[in-house]
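Student: sharing a sequence plus its predicted fold:
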Amino acid sequence: MEGLPDAAVLATRLKNTLLQYHSIEDDKWRVAKKMKDVTIWRKPSEEFNGYLIAV
């Protein structure tokens with residue numbers, strides 16, 4: 001059985017992914033739902049079958 005990856009490696013990978021998501025240009029996002037106090041944005045994911053969601 002293969003061991004789990006090092007936690008530091010996973011943390012670095014997660015940090016880089018989140019920074020990449022944060023730097024996505026605004027024109028790539030579309031409004032999914034708009035309510036009185038909250039707007040939910042989405043964009044198709046390039047990594048999986050679904051959407052990235054931002055609130």
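Tutor: Arrived safely.
Student: V31: neighbour count?
Tutor: 9 (other Cβ atoms under 10 Å). Using the backbone N, CA and C atoms, a C-beta is placed for each residue, glycine as well.
Student: wait, is it part of a strand?
Tutor: Yes. According to DSSP: H, G, I helix; E, B strand; the rest coil, V31 belongs to a strand.
Student: roughly how far apart are it and R42?
Tutor: Look at V31 and R42: by Cβ to Cβ, to the nearest Å, they are 8 Å apart.
Student: kindly report the same for L10.
Tutor: With the distance defined as Cβ to Cβ, L10 ends up 26 Å from R42.
Student: so which of the two has more stuff around it?
Tutor: Using other Cβ under 10 Å, the more surrounded residue of L10 and R42 is R42, with 15 against 11.
Student: which element follows the host helix or strand of the more buried one toward the C-terminus?
Tutor: With the criterion set as DSSP states H and E, the secondary-structure element containing R42 is strand 39-44. Stepping forward along the backbone from strand 39-44, the first helix or strand reached (DSSP H and E) is strand 51-54.
Student: buried residues in that following strand?
Tutor: Going by neighbour count (16 or more other Cβ atoms under 10 Å), the buried part of strand 51-54 is L52.
Student: where does this structure dip in pLDDT?
Tutor: Low-confidence regions of the chain, defined by pLDDT under 70, span residues 1.
Student: state the phi and psi torsions of P5.
Tutor: Geometry field for P5 lists phi and psi as phi -60, psi 160, criterion degrees, to the nearest 10.
Student: that one: what's it in contact with?
Tutor: Taking Cβ atoms under 8 Å, 6 or more residues apart in numbering as the definition of contact, P5 has no neighbours.
Student: which neighbouring elements make contact with the helix or strand where Q20 lies?
Tutor: Secondary structure here is read from DSSP H and E; on that basis Q20 sits in helix 7-22. Applying 3 or more Cβ pairs under 8 Å, 6 or more residues apart in numbering; DSSP states H and E, one finds that helix 7-22 makes contact with no other helix or strand.
Student: thanks a lot, see you next time.
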